[in-house]
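Student: Predicted structure and sequence below. I'll ask about it afterward.
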Amino acid sequence: MSVADATFLPADARAEAKPAPAPRPVNTEPAAVRYALIGLAVAFLSLFIVLPLVTVFAQALSRGWDVYLAALHETDALHAVYLTLVAAAISLVLNVVFGLCAAWAIAKFEFPGKSVLISFIDLPFSVSPVVAGLVFVLMFGAQGLFGSWFIDNDIKIIFALPGIVLATVFVTFPFVARELIPLMQEQGTAEEEAAISLGAPGFLTFLKVTLPNIKWALLYGVLLSNARAMGEFGAVSVVSGHIRGETNTMPLHIEILYNEYQFAASFAVASLLALLALVTLVLKTVLEHRLAKDHKA
Amino acid sequence: MKIDVHAVSKSFGSFKALDNVSLDIKSGELIALLGPSGSGKTSLLRIIAGLEWPDAGDIRFDGRDALSLSVKERDVGFVFQHYALFRHMNVFDNIAFGLRVRPRKVRKSEAEIRTRVEKLLELVQIGSLAQRYPTQLSGGQRQRVALARALAIEPKVLLLDEPFGALDAKVRKDLRRWLRDLHNELHVTSVLVTHDQEEALEVADRVVVMGRGKIEQVGTPGEVYDAPASAFVHDFIGESVALPVQVENGGVRIGAQHLNLDSQGVASGPAQLFLRPHDIGITLPSADALRGEVLAVRRFGPTHRVDLQVPVEGGTATLEAAISSGHEPRIGEVVGVVPERYRVFAAQSAH
């Protein structure tokens, strides 16, 4: 008996009608399926992410705190940390400046070749880092395109800090620009026009109107690009020359130690990078929360 | 401030947004640029503001060349269609923005700015919302903030780009009356862009009707409604119906029927007779009246709308008449159709 028929029945007949089974909301799965899915995700995450992370710290501390601290206090290790920080800092500044310029140009102006520029910004994501490193060797190396000029003028690019910075900037450039472009496109130019019509000079407009509107996206881009800059291996490996205490960054130092069977020391330095990843993760979550607000506004 | 627009042209690629447009805006008046989308009204407004530059022509503010001035030197207050409020600033800071970014030499003290902003908040009747952020305001409230922000810099000209376009009908009506009152109080030269004729006719001292990058007519709301200067204006403003007619020897012929109508100076040849539904009378069929057959009768507020089929050159046309209730004909009845007020325009050449 269908529900529609029920209304036409006398009252006593309706009372006999069976109560409808408690409906299950259409947008949830049965409990068994839900737990299976959740379990699968957790198992996968544990196997591929949590377990390796734990291993890094376990290995690093396998021979005690003393060995761990000694590995970090060693001159070459300290220099590698220092070099990584310097390279990351320089490339961050460059990324912020160029990322802002590129995003501004793309989001706020119409010009021919815009789509080509957007594709170029994405290029580093699609090129293997090793190729990126090689490009700089071919350009600035001793046999490179501009190599002889730099050698004549006693400027070292390859196997020195400038080369490492170049390679790092290359692989991290898209993060800031990619983060800013959609947000700035979405926000349009109306607020800037309003500011200018109210008499604000260009720079003040940027500082008081544009920047506050994009600051969380900018920080987010900086965070991602920093994580990548500090962890970059391939491109930097090609241009660095692996000179201990001079051109080794943290990832390169880790590899060398590992190849020399100094596992505890190697994992000790690696644990620093892992720590960075955890900090990045926390900051990322916080920033994503702020960003969602920006998009909503 | 008086604004002279002289022979301004502007193209976007192959699209001619403004084609040799000239317009004099008197000091202290509220003028409305009215036209369908793509008519060039917003382009003209943005050129006056200095947000856009013309390809050719001249803009003068009180006789002074405005094109040599940047936006911020022009002293214009611009109200944007979608408000363009600074989303990370509260209402108070939004309104104070224009005062705070002035060069140090001419900047007022923070206390003076506070007084001025509070006065403006009161003027636009949103004093209690000073600490709110734009996302916490309704559309009407946001538009009031945008207006207060534009007025804060004491502009000589107030430019409004579809200020009520994004609001619902009721709020829109309230706000435009309020804007009219505000203008009566402040008397700042104002240019309002709108595609809503009701808004233009109700608010403006003068209406500029624009179409396809040209000015079709400039006049008071009464003039543009009662005496449209072109077929375009008649068609765009108010309800209208057009019938294809022939002008012959100073008279008008519809289909085979000669009517006792004035050709209004239109040369002999094909022409269009424009009528408004309220200006069509219905009588008993006679030799002087156009023969019409009643197709449909609809109740429409205080009047009845009557669809009439009339014979025209090479077929029939349907026109809608508004007849006061109680006098409406029956469906299928044959009646005499008498144009009480009408305009005749030469047939438009194909565009």
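Tutor: Sure, I can see it. As the structure is a computational prediction, the values presented were derived from the model and not from experiment. Numbering: from 1, shown residues only, chains lettered A, B, ... in the order given.

Student: packing partners for the lowest-mean-pLDDT helix or strand in chain B?
Tutor: Using mean pLDDT, DSSP states H and E, strand B:257-259 stands out as the lowest-scoring helix or strand of chain B, at a mean of 82. With contacts taken as 3 or more Cβ pairs under 8 Å, 6 or more residues apart in numbering or on different chains; DSSP states H and E, strand B:257-259 sits against strand B:251-254, strand B:290-300. In this view, the C-beta of every residue, glycine as well, is placed from N, C-alpha and C.

Student: Can you name the residues in contact with the longest one?
Tutor: In other words, strand B:290-300. B:254, B:257, B:259, B:282, B:285, B:304-311, B:318-319, B:322, B:325, B:328-339 (Cβ atoms under 8 Å, 6 or more residues apart in numbering or on different chains).

Student: Tell me which of the helices and strands packed on strand B:257-259 is the most buried.
Tutor: Highest mean neighbour count among the helices and strands packed on strand B:257-259 (mean count of other Cβ atoms under 10 Å in any protein chain shown): strand B:251-254, with a mean of 19.

Student: what's the spacing between it and its chain's center?
Tutor: The chain centre lies 32 Å from the centre of strand B:251-254; the measure is Cα atoms, centre = their mean, to the nearest Å.

Student: Partner strands of that strand and their direction?
Tutor: Strand B:251-254 has its sheet partners listed here by DSSP bridges as strand B:241-248 (antiparallel), strand B:257-259 (antiparallel).

Student: before we move on, the earlier item: and the buried ones among the contacts of strand B:290-300, selectable in ChimeraX?
Tutor: Here is the ChimeraX command that selects the buried residues among the contacts of strand B:290-300 (16 or more other Cβ atoms under 10 Å in any protein chain shown):
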select /B:254,257,259,282,304,305,306,307,308,309,310,311,319,322,328,329,335,336,337,338,339
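
Student: if you look at the contacts of strand B:290-300, which of them are in helices?
Tutor: Residues of the contacts of strand B:290-300 located in helices (DSSP state H): none.

Student: Among the contacts of strand B:290-300, which are located in strands?
Tutor: Using DSSP state E, B:254, B:257, B:259, B:282, B:304-311, B:318-319, B:322, B:334-339 are the members of these that sit in strands.

Student: my guess is residue B:59 contacts residue B:45, does it?
Tutor: No - Residue B:59 lies out of contact with residue B:45 (Cβ atoms under 8 Å); the separation is 11.5 Å.

Student: between these two, which one's more packed in?
Tutor: residue B:59 (24 against 21; other Cβ atoms under 10 Å in any protein chain shown).

Student: per-residue confidence for the nearest residue to that one once chain neighbours are set aside?
Tutor: With Cβ to Cβ, 6 or more residues apart in numbering or on different chains as the criterion, residue B:59 has its nearest non-adjacent residue at 4.3 Å, and that residue is residue B:66. Turning to residue B:66, the model gives it a pLDDT of 91.

Student: Neighbours of residue B:213, how many?
Tutor: By other Cβ under 10 Å, neighbour count at residue B:213 equals 22.

Student: just checking, it touches residue B:8?
Tutor: No - under the criterion of Cβ under 8 Å, residue B:213 is not in contact with residue B:8, lying 10.1 Å apart.

Student: Spell out which residues are contacts of both of these two.
Tutor: Joint contacts of residue B:213 and residue B:8 (Cβ under 8 Å, 6+ apart) are B:18, B:21.

Student: one step back: so what touches the least confident helix or strand of chain B?
Tutor: Outside strand B:257-259, the residues that reach it (Cβ under 8 Å, 6+ apart) are B:248, B:251-253, B:288, B:290-291, B:311, B:339.

Student: got the end-to-end distance for stretch B:80-89?
Tutor: 17 Å (Cα to Cα, to the nearest Å).

Student: For it, list every residue counted as buried.
Tutor: B:80-81, B:83-89.

Student: just stretch B:312-327 next, same as before
Tutor: Going by 16+ other Cβ under 10 Å, stretch B:312-327 has these buried residues: B:312, B:317, B:319-323.

Student: got it, and stretch A:239-258?
Tutor: A:239-241, A:247-257.

Student: Tell me which of these has the lowest pLDDT.
Tutor: residue A:241 (82).

Student: That one is in contact with residue A:159, isn't it?
Tutor: Yes - counting by Cβ under 8 Å, residue A:241 touches residue A:159, with 3.4 Å between them.

Student: Which neighbours do those two have in common?
Tutor: In contact with both residue A:241 and residue A:159: residue A:247, using Cβ under 8 Å, 6+ apart.

Student: how about low-confidence regions in the chain?
Tutor: In the absence of a named chain, chain A is used. For chain A, residues meeting the criterion pLDDT under 70 lie at A:1-24, A:294-297.

Student: looking at chain B here, not the other one
Tutor: B:348-351.

Student: in it, which spans are helices?
Tutor: Using DSSP H, helices in chain B cover B:41-49, B:91-100, B:110-123, B:139-152, B:169-186, B:197-203, B:221-226, B:231-236.

Student: Let me have the ones you listed in JSON lines, adding distance to residue A:100 as columns.
Tutor: As requested, the helices of chain B are exported to JSON lines (distance: least, Cβ to Cβ, whole Å):
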{"stretch": "helix B:41-49", "distance to residue A:100": "26"}
{"stretch": "helix B:91-100", "distance to residue A:100": "22"}
{"stretch": "helix B:110-123", "distance to residue A:100": "30"}
{"stretch": "helix B:139-152", "distance to residue A:100": "26"}
{"stretch": "helix B:169-186", "distance to residue A:100": "38"}
{"stretch": "helix B:197-203", "distance to residue A:100": "41"}
{"stretch": "helix B:221-226", "distance to residue A:100": "49"}
{"stretch": "helix B:231-236", "distance to residue A:100": "45"}
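
Student: closest to residue A:77 out of the ones you listed?
Tutor: Among those, helix B:91-100 comes nearest to residue A:77, with 49.6 Å by Cβ to Cβ.

Student: which residues are in contact with that closest one?
Tutor: Around helix B:91-100, the neighbours that count as contacts under Cβ under 8 Å, 6+ apart are A:195, A:198-200, A:208, B:85-86, B:89, B:107-108, B:113-114, B:116-117, B:120-121, B:126, B:129-134, B:137, B:145, B:148-150, B:152-153.

Student: again, but for stretch A:189-205
Tutor: The contact list for stretch A:189-205 (Cβ under 8 Å, 6+ apart) reads A:108, A:208-210, A:213, B:49-51, B:71-72, B:76-78, B:80, B:82, B:84-87, B:97-98, B:101-102, B:149-150, B:152-153.

Student: 7 Å instead?
Tutor: For stretch A:189-205, contacts defined as Cβ atoms under 7 Å, 6 or more residues apart in numbering or on different chains pick out A:108, A:208-210, A:213, B:49, B:51, B:71-72, B:76, B:78, B:80, B:82, B:84, B:86, B:97-98, B:101-102, B:149, B:153.

Student: Now a ChimeraX select for only the buried ones of those residues.
Tutor: Entered in ChimeraX, the line below selects the buried ones among these, by 16+ other Cβ under 10 Å:
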select /A:208,209,210,213 /B:49,51,71,72,76,78,80,84,86,97,98,101,102,149,153
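
Student: circling back: format the buried residues of stretch A:239-258 as TSV; extra columns: distance to residue A:138 and secondary structure.
Tutor: Output for these, formatted as TSV (distance: Cβ to Cβ, whole Å; DSSP: H, G, I helix; E, B strand; the rest coil):
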residue	distance to residue A:138	secondary structure
A:239	11	helix
A:240	16	helix
A:241	15	coil
A:247	18	coil
A:248	22	coil
A:249	21	coil
A:250	26	helix
A:251	22	helix
A:252	20	helix
A:253	26	helix
A:254	27	helix
A:255	23	helix
A:256	25	helix
A:257	30	helix
